[in-house]
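> Structure for the following, please:
(one chain, ligands or ions: 1)
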Amino acid sequence: IPADLRVRLGETVADVPPRLFGGFVEHMGRCVYQGIYEPQHPSADSEGFRADVLELVRELGVTVVRYPGGNFVSGYRWEDGVGPRSERPVRLDAAWHQTETNQVGLHEFASWAAQAGVEVMQAVNLGTRGIEAAGDLLEYSNHPGGTALSDRRRANGAEEPFGITLWCLGNEMDGPWQIGHKTADEYGRLAAEAARYMRFLDHRVELVVAGSSNMEMPTFGEWERTVLRHTADQADHISVHAYYEESDGDVASFLASAAGLDRYLDTVAAIIDEVREELGLQKQIGISVDEWNVWYQRDWNENHKDAVLSGGWPEAPRLIEDEYNVTDAVVVGSLLISLLRHSDRVTMANLAQLVNVIAPIRSEPDGAAWRQTTFFPFALTAARARGRVVPLSLDVASGPTAKYGDVELVDAVSTVAEDGSVSLFVVNRSVDSVSALSVELDGAELVLEDALTLTVPEGGDRFTTNTQSSQPVAPVALAGVTVSAADSATRLSLTLPPISW
Ligand code: AHR
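Purely as a prediction, here's the structure:
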């Protein structure tokens, strides 16, 4: 497949939003317990956090982490997770049918986040609770002292406020599976009042209102319009949640998932514009893709969900611990391309989740922690997408897909750092053909620093995964890259293997 690409160095889409490389820690399965926290683990620090996991989190390059849910937050009482650990109540978590010991809560997570070097994105419960609990949590977290709530924080060991500015107003409230599920009008009103109260308490807050749980929801579109009409003057961002999977062997559609995300983001951006115009709103409202990933949701829905939700109440059960293969990693890389391409509208994005639960990092109790295949495209993009996103002109053939129609077989995005170094992120979505890619940088002279690829490893196939005992999938040097003089410019020629990022 020949592909011709021109990087339009002189133009800018937007600066790379640092929060585009977010993660997500939910009290779900083994994400918190046995994931980030395992006091008995040989690598545990004095607070019970696993140092091996922390090291991988830092290497992954996440900048902001959403917490504590997810569906979990819609039944959560934040007060359960503060104060002496021995006095914290054990509760049923109805979202995931698990027992919550509350040994990790607000203070512990803030401390972990500081160690990981990430910003906290805190979600409030708008399922079973309302504006008072949201305001209390904010005051407890951010007020310096001298009030009952802030002094309680100080008495619990945090003299200084946590200074959390980024807040999610509920989670997936459009979904009938959500505890305290609401109509768009019910949620919109509640979110608007929670936002107003929170801003009265602390004018610095940045607020994310909940958009649809996915693009296939019957209320998608109308939900966003209604919620924005209620909250537009208070909302800074509206959320998008997007999960993709390969189903019925339709690998072409799966590899083209970014075309689905492109459409989802373009649609939400158009709705924001429409409501802004209708309301005469001057400010922009960003898109917070605060849950995205590959997730084999059909397997969960058809084979596990009913048993889990009607079974016992285990502590830290193994829930949706998807083992990712090469194809999944290539799709994750391509979804990052779509997110970067939309950096004029997407203000943040959170790979869901961080450890064990549909995660780039896996860990075993009393055992090792390791990088799943999807770790690598995320870590490389977070490390190398710097400066501003620049537009591209790409000339390449399309292939048919059942889900998204004809989709270009190669996709790319490029960033330019302040020092002029260019990063190019490219995916070959063809299952069986190499792509011969020719790149020109707007006439600029080109010196190649390095070229890496993530693809099927020697002796493996597209289903190869990384496990505790063997991790064959990792980026390798891309062979046969050449730089040649062409007309007045230099050209980069690359041969991209099938299914490669
Ligand atoms: O990330 C897993 C779950 O997916 C989250 O709890 C929920 O918000 C979404 O449906």
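
> Can you tell me the closest non-neighbouring residue to the residue of the chain found nearest the ligand?
Here the chain gets closest to the ligand at one residue, residue 70, 2.9 Å apart by Cβ to the nearest ligand atom. Quick note: C-beta positions are derived from backbone N, CA and C, even for glycine. Spatial nearest neighbour of residue 70, chain neighbours left out: residue 26 (3.6 Å); criterion: Cβ to Cβ, 6 or more residues apart in numbering.

> So residue 417 is in contact with residue 389, correct?
No - counting by Cβ atoms under 8 Å, residue 417 stays clear of residue 389, with 11.3 Å between them.

> Looking at those two, which one has more neighbours?
Neighbour totals were compared for residue 417 and residue 389, and residue 389 leads with 24 against 14 (other Cβ atoms under 10 Å).

> which bits of the stretch 1-150 of the chain sit near the ligand?
Taking Cβ under 6 Å from any ligand atom as the contact definition, the stretch 1-150 of the chain meets the ligand at 26, 28, 69, 70, 71.

> how about the nearest residue to the last one, chain neighbours excluded?
It refers to residue 71. In space, residue 71 is closest to residue 95, 3.8 Å off (Cβ to Cβ, 6+ apart).

> Show me which residues of this protein are close to the ligand?
26, 28, 69, 70, 71, 171, 172, 213, 291, 352, 353.

> Run a quick neighbour tally on the third one.
Residues lying near residue 69 (other Cβ under 10 Å) number 26.

> what residues are up against the residue lying closest to it once chain neighbours are set aside?
Nearest residue to residue 69 in three dimensions, chain neighbours excluded: residue 26, at 4.5 Å (Cβ to Cβ, 6+ apart). Residues in contact with residue 26 (Cβ atoms under 8 Å, 6 or more residues apart in numbering) are 32, 67, 68, 69, 70, 71, 72, 73, 352, 353, 357.

> helix/strand/coil for residue 26?
Here residue 26 is coil, with the state taken from DSSP: H, G, I helix; E, B strand; the rest coil.

> Which pLDDT value does the model give it?
If you check residue 26, the pLDDT there is 98.

> With residue 67 as the reference, measure out to it.
Residue 26 sits 7 Å away from residue 67 when distances are taken as Cβ to Cβ, to the nearest Å.

> same check, this time on residue 90
The value you get for residue 90 to residue 67, if Cβ to Cβ is used, is 20 Å.

> Same drill for these two, tell me which one is more crowded.
residue 67 (29 against 12).

> just checking, that one touches residue 123?
Yes - between residue 67 and residue 123 there is a contact under Cβ under 8 Å: 6.9 Å.

> Quick one: list the elements packing against the helix or strand containing residue 186.
Residue 186 belongs to helix 184-201 when assigned by DSSP states H and E. Here helix 184-201 touches helix 131-142, strand 166-169, strand 206-209, helix 222-231, going by 3 or more Cβ pairs under 8 Å, 6 or more residues apart in numbering; DSSP states H and E.

> Starting from the third one, tell me which strands it pairs with and how they run.
The partner list of strand 206-209 in its sheet, established with DSSP bridges, is strand 166-169 (parallel), strand 237-244 (parallel).

> just to revisit the earlier point, how about JSON lines for the contacts of residue 26, with secondary structure and pLDDT added?
Formatted as JSON lines, these follow (DSSP: H, G, I helix; E, B strand; the rest coil; pLDDT from 0 to 100):
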{"residue": "32", "secondary structure": "coil", "pLDDT": "98"}
{"residue": "67", "secondary structure": "strand", "pLDDT": "98"}
{"residue": "68", "secondary structure": "coil", "pLDDT": "98"}
{"residue": "69", "secondary structure": "coil", "pLDDT": "97"}
{"residue": "70", "secondary structure": "coil", "pLDDT": "97"}
{"residue": "71", "secondary structure": "helix", "pLDDT": "98"}
{"residue": "72", "secondary structure": "helix", "pLDDT": "98"}
{"residue": "73", "secondary structure": "helix", "pLDDT": "98"}
{"residue": "352", "secondary structure": "coil", "pLDDT": "98"}
{"residue": "353", "secondary structure": "coil", "pLDDT": "96"}
{"residue": "357", "secondary structure": "coil", "pLDDT": "98"}
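
> picking up where we left off before, selecting buried members of the residues of the chain next to the ligand in ChimeraX, what would you type?
Buried residues among the residues of the chain next to the ligand (16 or more other Cβ atoms under 10 Å), as a ChimeraX selection:
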select :26,28,69,70,71,171,172,213,291,352,353
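
> Regarding residue 394, what is its secondary structure?
Secondary structure, three-state DSSP: residue 394 is strand.

> Setting aside sequence neighbours, what's the nearest residue to it?
Per Cβ to Cβ, 6+ apart, closest to residue 394 is residue 5, 5.1 Å.

> Which positions in the helix or strand encompassing the one you found come out as buried?
Using DSSP H and E, residue 5 falls within strand 2-7. Using 16+ other Cβ under 10 Å as the test for burial, strand 2-7 gives 3, 5, 6, 7.

> Residue 300: how many residues sit nearby?
Using other Cβ under 10 Å, residue 300 has 16 other residues around it.

> Residue 278 too?
By the criterion of other Cβ under 10 Å, residue 278 has 12 neighbours.

> Just confirm it is within a helix.
Yes - assigned with three-state DSSP, residue 278 falls within a helix.

> residues contacting the closest residue to residue 150 other than its chain neighbours?
Of all residues not flanking residue 150 in the chain, residue 143 sits nearest, at 3.9 Å (Cβ to Cβ, 6+ apart). By Cβ under 8 Å, 6+ apart, the contact set of residue 143 is 149, 150, 161, 201, 202.

> can you rerun that using 10 Å?
149, 150, 151, 153, 161, 201, 202 (Cβ atoms under 10 Å, 6 or more residues apart in numbering).

> List phi and psi for the fifth one.
Spelled out, it's residue 161. phi -60, psi 160 (degrees, to the nearest 10).
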